[in-house]
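Asks: The following block contains a protein sequence and its predicted model.
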Amino acid sequence: MSIQKDLSSLGIKTKYIKSNKFKTVRMSVSFIAEADNFTLPASALLCKLLTRSTAKYPTHLELSRHLNMLYGARIFGGSAKMGNKVMLKFTAECLAPKYTPNNEDLISSCAALLEDAIFSPKLSGDGYDEEDFIIEKNQLLDTIDGRINSKRGYAVTRMLENMCKEDSFGIPTEGYREDAERLTSKAVREFFEDVLKTSPVILTMVGEGSPDVFFESISKKFENIGRTPVDIKPEFTPVSVDEVKTFSESMEVSQGKLVMGFRTSVSSLNQDNIPLRMMVDIFGGSPYSRLFTEVREKQSLCYYCTARLFAIKGIVCVDSGVEFDTVDKAKKGILDQLDIIKNGEFDDAIITASKMGLTDSVKSAYDSNAELEGWYLTRIFDKNPLTPEEFVERINKVSREEIIAAANTINLDTIYLLKGVEGDE
Amino acid sequence: MNKQIIRNENVGEEYIVATHKSGLKIYICEKKDYSKTYAIFGTKYGSIDNCFKTVKDDEYTCVPEGIAHFLEHKLFESEEGDAFSRFSATGASANAYTTFDKTCYLFTCADNFYDSFEILLDFVQHPFFTEETVQKEQGIIGQEISMYDDSPGWVLLFNLLCALYHNNPVRINIAGTKDTIAKIDAKLLYKCYETFYNLNNMFIVVSGNADAHKVLEMCDKFLADKEGIPVESKGFDEPKEIVKDFISQKMPVAQPLFAFGIKQDAEDKSVKRRVETEMLLEIISGHQSPLYNHLVSEGICNRDFSSEYFEGRGFSSVLFSGESKDPERIANELKNEITRLATEGIDEKEFESVRRQFLGHYIMDFEDVETVGDSLVTCACTGEGLFDEGDILKNVTREDLVSRLKTDFDLKYSALSVIDNK
């Protein structure tokens, strides 16, 4: 389904996933950089700044109108943590030419825009255009301040911060306010110049049409800047849990948020983690899971109660919405379910359900160019990166013993509670 | 079954509309090169349908607020266990939702579609409520209501609707309140079920990797052989005027949230009105608009700024919302821009750029199985065709938009809702 071309001497990987069923074509350029208090807010800012205008379309209004004229093509950027590293991704998406009235070559136009965003931004002095920079910095500060608006997301972020204090994974994706405030246009530009020269680069294209124009033209740009690629990739060191850390905060809320962080020694970077994925699905990742059927439905202890896996870090996170006076019962209910899995006290029906459910969600990835791209990018550093087909094959071979063994690698590390203020409870 | 095939060469898609003898409409869009299939079994029954009767009743029945959503939760249960556990045996991912004017039960799957479809047809047609299970659900939904009470965006919207509407039930929270749901019992649930879940008031949508012929065969086999009963919701007297032009509340938020809305008459439900209104919203405050760029560069609003054509059975308004340190200034700037466009007209280049954007996005939407399914749900509820928008976009003019702006964006009927930081 795909051809791969290696530009390894330049530190560039390419992946083309051909599919003619989509109405759109999607092209992305991704970079991997170190994650720290400076690079996280800088990356978040860069991804928005470089896609709001370019030297050729110097205002957001002009760039937006140009994109509209290309039948609503889109260009956008985003950053995400990959373990203790950060990925900066710039994407262009356009209508496949055959759907335009005159078979217009939107792919070349969008590839050129993506190139311009990365290599020909709007500059001023030794930094980016000051007005645009200030706009995007303020937007970033608003995003950071706005985390509090979604209590559920806020509670998970706070738990991870406290659980991973010694590790950059604990820093929120957009970083902290005080570090974002200190960002200067010059420092951010220097950071991105360094990323362009040294970071691993991944070029991806999904859809119909030849990837040559995009891959070759942008590779040339990288060649021209004289790259000296550095091998940056996420690392994993198992952390042993000595004692459970507990902390809580108060806010004016009518529903409490209970978040529990668990550690395992299994990371997708160092071993096959499919049994662990299935264990998390059975524990709390699905409507047939123990947390949903027992803790939510039978015991009515939470409105929502789900488990998810941060695969690179080997962290399992359970988050739930609870009434203030049933927090302890909910906590016990959640831990009881984990013990039940550790002890193998579950029937085969839930294993079958999980195999079917996970297979189903993996196969659905074929129906979205964003998901196909994401599938490849999130697994790029895995010890054994599986294609969706291989993933399904492995899922269906997982045994009960492997699930129990995976559950027994898990230990509770941190408990976070967001509760109401006194007098409100 | 009477059926019709509708094809569009530009988009490269076709769909089937069939009518069951009960009056239920079935919409199917086959996409055989996809892995996924999406199916929805829905009823034109939502939170606004609180007083109703069928052609067989003399009197209207009035029920507690939030009952449509409550019923949605309860329908997942049967004597043999809940529907989620039945779907877990087929691998499908199931869900349901209730809006102001409809309730939908749905699943997506990559394998075993027909087994899952049979479960969907079965559980929606077989209610099972007891006093005990109703009581338990009151606890679960009570927690869901608490969660909405903590959501600033949700509170902001309903405050605005209360400022815009006097009597229209769209001002009532979809899930009701803890007090109203406490009044719900099994008998009331059966009454609502019998009324609104009769096939005449329902629809089925399938999109993705399924065989239309087989889907229709299964509908014939599994849909109850009952006569459809037309339902009537009690009308309400809603004046043109708004209740008040400003409403605010304090909650823990990073910076104030605002929603500015303009109430419109709800008579015209045409696709033309929808497309023209959505284009106008883009022209007023989209990323290519002078207003949006001015507000962002002045630091008055951030990227979360958005607009929406908010409409359904019996209600219609346009909403602009986001975060801002100065909500009143945003409301004033929006009013000025609407007045300016109505007076000066729309720039030719800007109009063409927005028209092309809409043409592109209209086609792009066909690549996603779920988006196609959701669009077919709209078709089932409004009677519009899936390809109508494309025809309108080809022929729409600047003059159409200006005249729409003059009739539908009357600032006399606008209100501002604000959530301030506590």
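Replies: Alright, I've got the coordinates.
Asks: who's in contact with A:L412?
Replies: Contacts of A:L412 were listed using CB atoms under 8 Å, 6 or more residues apart in numbering or on different chains, and they are A:V241, A:V244, A:M260, A:G261, A:F262, A:L335. Every residue, glycine included, has its C-beta placed from N, CA and C.
Asks: and the residues you listed, which are buried?
Replies: Among these, those buried by neighbour count (16 or more other CB atoms under 10 Å in any protein chain shown) are A:M260, A:G261, A:F262.
Asks: phi, psi of the last one?
Replies: If I follow you right, that is A:F262. phi -120, psi 150 (degrees, to the nearest 10).
Asks: what's the distance between the residue most central in space within chain A and chain B?
Replies: By CA atoms, centre = their mean, chain A has its centre lying nearest to A:A80, at 4.8 Å. When CB to the nearest CB, to the nearest Å is the yardstick, A:A80 and chain B sit 17 Å from each other.
Asks: List phi and psi for that residue.
Replies: Here is the backbone geometry of A:A80 (degrees, to the nearest 10): phi -150, psi 150.
Asks: ok, it touching A:M87?
Replies: Yes - under the contact definition of CB atoms under 8 Å, A:A80 touches A:M87, with a separation of 5.3 Å.
Asks: contact partners of stretch A:51-68?
Replies: Residues external to stretch A:51-68 that are found in contact with it (CB under 8 Å, 6+ apart): A:73-77, A:90, A:113, A:116-117, A:120-123, A:129, A:132, A:135-136, B:286-290, B:293, B:296, B:349-350, B:353-354, B:356-357.
Asks: can you pull out the strands in chain A?
Replies: A:2-3, A:6-7, A:12-18, A:24-34, A:74-82, A:85-95, A:123-124, A:127-128, A:201-207, A:245-250, A:256-263, A:302-310, A:315-322, A:411-419 (DSSP state E).
Asks: who wins for proximity to B:D58 among the ones you listed?
Replies: Relative to B:D58, the nearest member of these by CB to CB is strand A:302-310, separated by 40.5 Å.
Asks: need the contact list for the closest residue to chain B within the stretch 101-250 of chain A.
Replies: Closest contact between the stretch 101-250 of chain A and chain B, by CB to the nearest CB, is at A:D145 (3.7 Å). For A:D145, the contacting residues are A:R177, B:A254, B:Q255, taking CB under 8 Å, 6+ apart as the criterion.
Asks: Give the full set of residues in contact with the first one.
Replies: Shown here is A:R177, whose contacts under the criterion CB under 8 Å, 6+ apart are A:L141, A:I144, A:D145.
Asks: Would you check that the second one makes contact with A:E181?
Replies: This means A:I144. No - contact status for A:I144 versus A:E181: not in contact, 9.5 Å apart, counting by CB under 8 Å.
Asks: between these two, who's got more neighbours?
Replies: When A:I144 is set against A:E181 and neighbours are counted by other CB atoms under 10 Å in any protein chain shown, the residue ahead is A:I144, at 22 against 12.
Asks: From A:V253, how far off is that one?
Replies: A:I144 is 20 Å from A:V253, where distance means CB to CB, to the nearest Å.
Asks: Which segments of chain B make up each domain?
Replies: Listed domain ranges for chain B are B:2-233, B:246-421 (source: automatic domain parsing).
Asks: Can you add mean pLDDT and give those domains back as TSV?
Replies: As requested, the domains of chain B are exported to TSV (pLDDT from 0 to 100):
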stretch	mean pLDDT
domain B:2-233	93
domain B:246-421	96
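Asks: In TSV, list those domains along with distance to chain A and mean neighbour count.
Replies: Compiled in TSV, the domains of chain B are given as follows (distance: least, CB to the nearest CB, whole Å; neighbours: other CB atoms under 10 Å in any protein chain shown):
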stretch	distance to chain A	mean neighbour count
domain B:2-233	3	19
domain B:246-421	3	19
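Asks: Please list all residues in contact with B:D220.
Replies: With contact taken as CB under 8 Å, 6+ apart, B:D220 is in contact with B:M1, B:H20.
Asks: Which helix or strand lies directly C-terminal to the helix or strand harbouring it?
Replies: Following DSSP states H and E, the helix or strand that holds B:D220 is helix B:212-222. Downstream of helix B:212-222, the first helix or strand assigned by DSSP H and E is strand B:231-233.
Asks: correct me, but A:G77 touches A:A44?
Replies: No - at 9.3 Å, A:G77 does not count as touching A:A44 under the criterion of CB under 8 Å.
Asks: Who has more neighbours out of the two?
Replies: When A:G77 and A:A44 are compared on other CB under 10 Å, the one with more neighbours turns out to be A:A44, at 27 against 24.
Asks: which non-adjacent residue is nearest that one?
Replies: Nearest-residue entry for A:A44: A:E174, 4.3 Å, with adjacent residues in sequence omitted and distances by CB to CB, 6 or more residues apart in numbering or on different chains.
Asks: From A:S108, how far out is A:E216?
Replies: Relative to A:S108, A:E216 is positioned 12 Å away (CB to CB).
Asks: And for B:I419?
Replies: With the distance defined as CB to CB, B:I419 ends up 46 Å from A:S108.
Asks: near chain B, which residues of the stretch 251-400 of chain A?
Replies: Where proximity means CB under 8 Å from any CB of the partner chain, the interface of the stretch 251-400 of chain A facing chain B comprises A:251-255, A:286-288, A:292-293, A:296-297, A:300, A:302-303, A:321, A:323, A:349-350, A:352-353, A:356-357, A:359-361, A:363-364, A:366-369.
Asks: Mind giving me the ChimeraX command for buried ones among those?
Replies: Selecting only the buried members of those in ChimeraX, with burial defined as 16+ other CB under 10 Å, works like this:
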select /A:251,253,254,255,286,287,288,292,293,296,297,300,302,303,321,323,350,353,356,357,359,360,361,363,364,366,367,368,369
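Asks: Keep only those of the residues of the stretch 251-400 of chain A next to chain B that are in helices.
Replies: Among those, the members found in helices (DSSP state H) are A:A349, A:I350, A:T352, A:A353, A:M356, A:G357, A:T359, A:D360, A:S361, A:K363, A:S364, A:N369.
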